[in-house]
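Student: The following comprises the amino acid sequence and a computationally predicted model.
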Amino acid sequence: MPVTKADLLAQLPAEWPTPLLPEIQAQIGADDRLIVLDDDPTGTQTVHDVPVLTEWSEATLTAELERPGAVIYILTNSRSMPAPQAEAINAEIATHLRAAASATNRQVAVVSRSDSTLRGHYPAETRALEQTLGRTVDAVLLIPFFLEGGRYTIDDVHYVEEGAWMTPAAQTEFARDATFGYRNSNLRQWAIEKHGGSLSQEDVCSISLGEIRSGGPDAVQERLDALAPGQVCAINAASYRDLEVLVAGLLASEARGRHYLYRTAASFVRVRCGLSPAPLLTSDALGAADGQSGGLIVVGSYVNRTTEQIEAAAQRDHVTSIEVSVRALLGSAAREEIGRVQQAAQEAIAAGRDALVYTSRERVTAGNKDATLDIGQTISQGLVSIVAGLEERPAWVIAKGGITSSDVATCGLGVRRAWVMGQAIPGVPIWRLGPESRWPDLVYVVFPGNVGGPDAVADMAGVLRGESDDAQRRL
């Protein structure tokens with residue numbers, strides 16, 4: 001049952017009193033690397049000044065490990081794929097990563113980054129990594145806390161913030177996902193559900209907020225050291241300080257020879273790699289507006305929050321709305337529909353207007369999970385074709401939705417390596433595209449489908465146009 005955020009947080013013990021980020025930074029060695037396998041591009045939403053790769057050959061990983069920097073993102077886009085393909089990609093990356101780490105003498109820890117609302121191929125992806133990383137994994141840690149998106153784990157229950165209310169995740173629209181739906185908000189029960197009954201109650205444990213906030217890093221280390229091989233441990237967290245306590249204890253445990261796999265949302269990554277928070281990016285820092293061309297907003301996400309954002313953005317000046325018929329993309333008229341939308345978008349961009357290209361809001365599903373994923377891929381391919389066929393370079397691009405933003409970047413724009421600049425709105429990462437891409441140095445906004453209030457997309461476009469930096473503070 002939903003509870004007010006104020007009431008839920010008021011019952012918690014006081015946070016650990018001491019900031020621990022300096023201690024974490026001191027614990028991370030010069031040869032340590034955190035490798036984040038991101039199942040869609042939105043996982044870069046808490047970091048800044050880090051690379052993100054869209055291909056993972058051994059040579060590419062070796063070259064990246066030789067560069068300075070504590071963290072490397074690898075975009076797998078595996079949430080858009082059936083589970084066997086997702087497993088195969090994770091296994092391939094782990095194999096290449098082992099070889100690259102050996103060649104460069106780097107110590108690597110691996111994050112399996114996925115959705116903060118618990119959608120994704122778990123445990124398929126962590127299982128594939130366990131089998132191919134070439135070392136014993138002492139436990140898998142579940143850490144879906146994501147402050148920027150309003151996701152909290154308290155008393156083992158994972159909550160989604162909705163206005164003033166905190167709703168257990170299984171009671172939200174995300175739990176009704178046709179491919180990744182679930183019934184349990186309690187993370188321990190959720191893990192058992194996702195393992196299909198192969199885990200017992202004894203195989204799943206948790207570290208409570210009481211232990212984190214009262215016992216500190218020593219208590220966390222003690223709990224982690226006691227985990228048995230094969231166990232899954234759910235981590236409660238309601239603030240970044242909770243993550244600092246967790247990571248300080250975790251690094252101490254790993255220094256004693258323990259190895260863990262992390263299945264996490266985005267907030268954990270910033271703390272685990274010892275990255276200090278950065279201020280929100282301003283219009284001047286982005287430098288995206290060219291004064292002539294309009295921008296491009298491409299929307300594939302279908303959740304209610306996205307629909308509200310489309311409606312708000314369509315009301316702004318300088319915006320031309322272009323709806324893409326999903327039924328047409330799935331039928332014989334796909335080519336004609338792609339051509340129609342392309343032409344309209346090109347005309348808008350050339351005229352200095354922002355083209356808002358969005359899929360019709362009808363959610364089309366099939367009789368099973370893989371068939372539903374196939375439908376999603378066909379729709380995404382249609383959006384990619386629209387972008388790939390544009391002759392007019394936009395001033396900037398916003399891609400709304402994880403699968404959409406991944407496919408547009410890799411297939412529509414040819415991105416192989418991008419640089420994460422930071423965020424202009426909390427939880428919304430901004431990339432600068434590499435020289436190999438179709439439009440080098442383009443400012444590319446990866447806008448998660450489940451983040452932001454009704455005006456967030458319109459506000460982001462306003463920042464990119466250089467109209468106002470006040471808007472960037474809104475969610």
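Tutor: Structure's in. What do you need? Residues are numbered from 1 along each chain as shown.
Student: quick one, strands of the stretch 101-250 of the chain?
Tutor: Secondary structure of the stretch 101-250 of the chain by DSSP state E, counting those that start in this stretch: the strands cover 107-113, 139-143, 151-154, 157-162, 165-168, 204-207, 231-235.
Student: For the longest one, list the C-alpha coordinates in CSV.
Tutor: Yep, that's strand 107-113 we're talking about. Presented in CSV, the C-alpha positions along strand 107-113 are these (Å, rounded to 0.1, in the frame of the first residue of the first chain):
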residue,chain,number,x,y,z
GLN,A,107,42.0,-5.2,-11.5
VAL,A,108,38.3,-5.1,-12.6
ALA,A,109,35.0,-5.3,-10.7
VAL,A,110,31.8,-5.7,-12.7
VAL,A,111,28.4,-4.0,-12.3
SER,A,112,25.4,-5.4,-14.1
ARG,A,113,23.4,-2.2,-14.3
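Student: so what strands line up beside that strand?
Tutor: Take DSSP bridges as the rule and strand 107-113 pairs in its sheet with strand 32-38 (parallel), strand 260-264 (parallel).
Student: Please identify the most buried of the ones you listed.
Tutor: strand 32-38 (a mean of 23; mean count of other CB atoms under 10 Å). (C-beta placed from N, C-alpha, C; glycine too.)
Student: So which of the strands paired with strand 107-113 is nearest V50?
Tutor: strand 32-38 (8.9 Å; CB to CB).
Student: is it true that R305 touches G452?
Tutor: Yes. With contact defined as CB atoms under 8 Å, R305 reaches G452; the gap is 6.9 Å.
Student: These two - which one has more neighbours?
Tutor: G452 (25 against 17; other CB atoms under 10 Å).
Student: how close does the more buried one sit to S321?
Tutor: 18 Å (CB to CB, to the nearest Å).
Student: got JSON lines for the strands paired with strand 107-113, with mean pLDDT and distance to D155 too?
Tutor: Below are the strands paired with strand 107-113 laid out as JSON lines (pLDDT from 0 to 100; distance: least, CB to CB, whole Å):
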{"stretch": "strand 32-38", "mean pLDDT": "97", "distance to D155": "28"}
{"stretch": "strand 260-264", "mean pLDDT": "97", "distance to D155": "19"}
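Student: Out of these, which is closest to A288?
Tutor: So among the strands paired with strand 107-113, strand 32-38 is nearest, using CB to CB, at 23.4 Å.
Student: Span of stretch 33-53 from start to end?
Tutor: 15 Å (CA to CA, to the nearest Å).
Student: quick one on the thing from earlier: can you put the strands paired with strand 107-113 in CSV and add distance to P2?
Tutor: Below are the strands paired with strand 107-113 laid out as CSV (distance: least, CB to CB, whole Å):
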stretch, distance to P2
strand 32-38, 30
strand 260-264, 25
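Student: Walk me through the domains of this structure.
Tutor: 3-272, 283-473 (automatic domain parsing).
Student: Pick out the shakiest of those, pLDDT-wise.
Tutor: When those are ranked by mean pLDDT, domain 283-473 comes last with a mean of 89.
Student: ok so, going back, which among the strands of the stretch 101-250 of the chain is found nearest to A395?
Tutor: That would be strand 107-113 among those, by CB to CB, at 29.7 Å.
Student: Show me which residues of that closest one are buried.
Tutor: For strand 107-113, a neighbour-count test (16 or more other CB atoms under 10 Å) marks 108-113 as buried.
Student: right, so of the strands paired with strand 107-113, which gets closest to W190?
Tutor: Going by CB to CB, the one of these nearest W190 is strand 260-264, 11.3 Å.
Student: Skip ahead from that closest one and say which helix or strand is next.
Tutor: Moving toward the C-terminus from strand 260-264, the next helix or strand (DSSP states H and E) is helix 266-272.
Student: which secondary structure elements does that following helix contact?
Tutor: With contacts defined as 3 or more CB pairs under 8 Å, 6 or more residues apart in numbering; DSSP states H and E, the packing partners of helix 266-272 are helix 21-27, strand 32-38, strand 107-113, helix 240-255.
Student: Buried residues, the first one. List them.
Tutor: Yep, that's helix 21-27 we're talking about. Applying 16+ other CB under 10 Å to helix 21-27 flags 21, 23-24, 27 as buried.
Student: Mind putting these into CSV with distance to I310?
Tutor: Below are the buried residues of helix 21-27 laid out as CSV (distance: CB to CB, whole Å):
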residue, distance to I310
L21, 38
E23, 44
I24, 40
Q27, 44
